[in-house]
Each structure stands twice: as structure tokens, then as C-alpha cells.
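[1] Got a sequence here, can you build the structure:
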Amino acid sequence: MKPSHKFEDLIELVAILRKECPWDRKQTHDSIKDNLIEEAYEAIEAIDNRDFDEFKKELGDLLLHVLFHSKMTDEKDRFDIGDVIYTLMEKLIRRHPHVFGDTAVNGEGEVAENWENIKLKEGKKSTLDGLPVQLPALIRAQRMQEKAANVGFDWPEWEQAWEKLDEELHEFRETLEEEDTQKSADEFGDLLFSLVNVSRYFDMNAEDSLRRTNAKFEHRFRYIEQKLKEQGKTLNESTLEEMDAYWNEAKELKKS
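    Residues are numbered from 1 along each chain as shown. Purely as a prediction, here's the structure:
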């Protein structure tokens, strides 16, 4: 078999692997579910790096998981890839009445509001249904806030969200001074939630922002380790002043 650009050839390839490869044949939905999450994050990393060659590969890996899971369910006579495609198309058509029906909308805000209302009519018990608890907390916080905002539960202006953030900051500080560990943890969560809320008003993504900050920290800290290693020293053998100097050096190098 040779590579091609045809979707049906890929479906056939997955079927062959499932039948003839001992490793592929052994897999279950549970055994590869964590790999699906890993592939999704690798695709996100490729997007962040603007590495479109890598992005192409990662999308392929995600597609493989869709086909692989669909093949396993087909083997149990539950559904096949055709059912997956049909279900997706039916949902997209139903939730875009402004494209495929006679509903009129004025901007993306009304599209989002209609989307949430349609989902409730489909049997969803809450606007917040469909947000897995397994999502990273920052992503889930932002998505919950966006969904609530789509149906009108939102501060009219960002300044009001900022006032709430300021209030949560003071409450967090108070619990720290009281040395109430559990209460401090709860207030810290409220503070983070409020900070995410403010970011939405400026079209910032909290998860993306923190991921970039993590990358900056990692780059600079690794630079410190490398410079100390070149001097034959470890982190424990150096002073905070030395490490801080290399930290600032790494910052300047990144700017140049």
C-alpha cells in the first residue's frame, strides 16, 4: 500500500493495521485515550510555534485517533466513521440556522447566543453542559465565563470586572494574614477566576498567556543552569545574585 490523498485509502489503512498489527489489534478506547489528549496538546504547541509542517503532522495524528476509535466501535456494531461524519454535519447544519435556514443575525455575538439557545433546546440541562471537568482549570474557567456571557450573564464593562478582581485580591491578602490555609486556597481560586474574567474583555486567552510565561521562565532558568555549568558550578553552589544576573542576561539576549 502506498500513501495517497484519499480519505477512503486512510480508512482502509487503519482497518489493515487493526487486523494485521499485534499492537494495533490489542488497543482499546481506554488504552489510547491519554494519547488523544497528548496529540491535541502537540497540535497546540505547533500552532504556538507557527510550525505548520509540524501542525500538518499533528492534525494527521488527531485524525488517526478519530478513525481508530471509529474502527473499534464499528467492530462492535455501535457506529462507524460514516456515522461520525453524518452526526457532525447534522449538528453543524442545525446550529447554523443563519447559514442554512432563515434566521437573521447581527454579528458573531448573536451567533454565539443562538448556538447556546439551540443546545438547550436539544436537551442540554445547562448552558455549561459540555465542558469536561478534565479540562485544564484555566481553560475551563474561561470557557464557562464565555458561555455565561453568551446568554447575558456578564459585567457590562471591563471596569466592573476589574473592581471584582481588586476585591478578590484584598480578600486573598486578608486570608494570608489570618494564616487560614484552606480559606486562602479558596480565595486564591476566586482571584484566579476573576483574573481570567478580566482577560476576556481584552480578547486574551488565559491558558495561552500562562503557557507563554511558562516558556519564558523555562528558557531563562535553563540559561542560568547552562551558564553555571560552564563555570563548573551547580545551582546550590551559586548565590541568588549570580542566578538573578544570568536571568537578566537571558532576558536581554531574547530582546536582541
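[2] Centroid-nearest residue for the protein?
    Ile139 (5.8 Å; Cα atoms, centre = their mean).
[3] contacting residues around Gln231?
    Residues near Gln231 by Cβ atoms under 8 Å, 6 or more residues apart in numbering: none. Any C-beta I mention is one placed from the backbone N, CA and C, and that applies to glycine too.
[4] Just list the residues touching Trp247, thanks.
    For Trp247, the contacting residues are 220-221, 223-224, by Cβ under 8 Å, 6+ apart.
[5] Could I get the full set of helices for this structure?
    Taking DSSP state H to define them, one finds helices in the chain at 7-20, 22-26, 29-48, 52-75, 81-94, 97-100, 108-121, 137-150, 158-178, 181-200, 206-230, 240-255.
[6] Quick one: closest of those helices to Met1.
    Met1 lies closest to helix 7-20 among these, at 6.3 Å (Cβ to Cβ).
[7] Just the angle for the closest one relative to helix 52-75, thanks.
    Helix 7-20 and helix 52-75 meet at an angle of 60 degrees, taking axes from the mean of the first three to the mean of the last three Cα atoms, to 10 degrees as the criterion.
[8] Check the offset of helix 7-20 from the chain's centre.
    Mean-position distance between helix 7-20 and its chain equals 29 Å (Cα atoms, centre = their mean, to the nearest Å).
[9] Just name whatever secondary elements it is in contact with.
    For helix 7-20, the elements it packs on are helix 22-26, helix 52-75, judged by 3 or more Cβ pairs under 8 Å, 6 or more residues apart in numbering; DSSP states H and E.
[10] Pull out the buried positions in the helix or strand bottoming out on mean pLDDT in the chain.
    Every helix and strand of the chain was ranked by mean pLDDT, DSSP states H and E. The lowest is helix 108-121, at a mean of 84. Within helix 108-121, the residues scored as buried using 16 or more other Cβ atoms under 10 Å are 111-112, 114, 116, 118-119.
[11] picking that back up, what sits against the residue nearest to the centre of the chain?
    Ile139 touches 206-207, counting by Cβ under 8 Å, 6+ apart.
[12] for the one 10 residues further on, same thing?
    For Ala149, the contacting residues are Arg200, taking Cβ under 8 Å, 6+ apart as the criterion.
[13] for Val66, same thing?
    81, 84.
[14] now, which of the buried residues of helix 108-121 sits nearest Asp102?
    Nearest to Asp102 among the buried residues of helix 108-121 is Asn114, at 12.8 Å by Cβ to Cβ.
[15] Name all residues that make contact with the closest one.
    By Cβ under 8 Å, 6+ apart, the contact list for Asn114 reads 95, 97-98, 103, 105.
[16] The nearest residue to Glu146 once chain neighbours are set aside - how many residues pack around it?
    Using Cβ to Cβ, 6 or more residues apart in numbering and skipping the chain neighbours, the partner closest in space to Glu146 is Arg200 (6.7 Å). For Arg200, the neighbour count with other Cβ atoms under 10 Å is 19.
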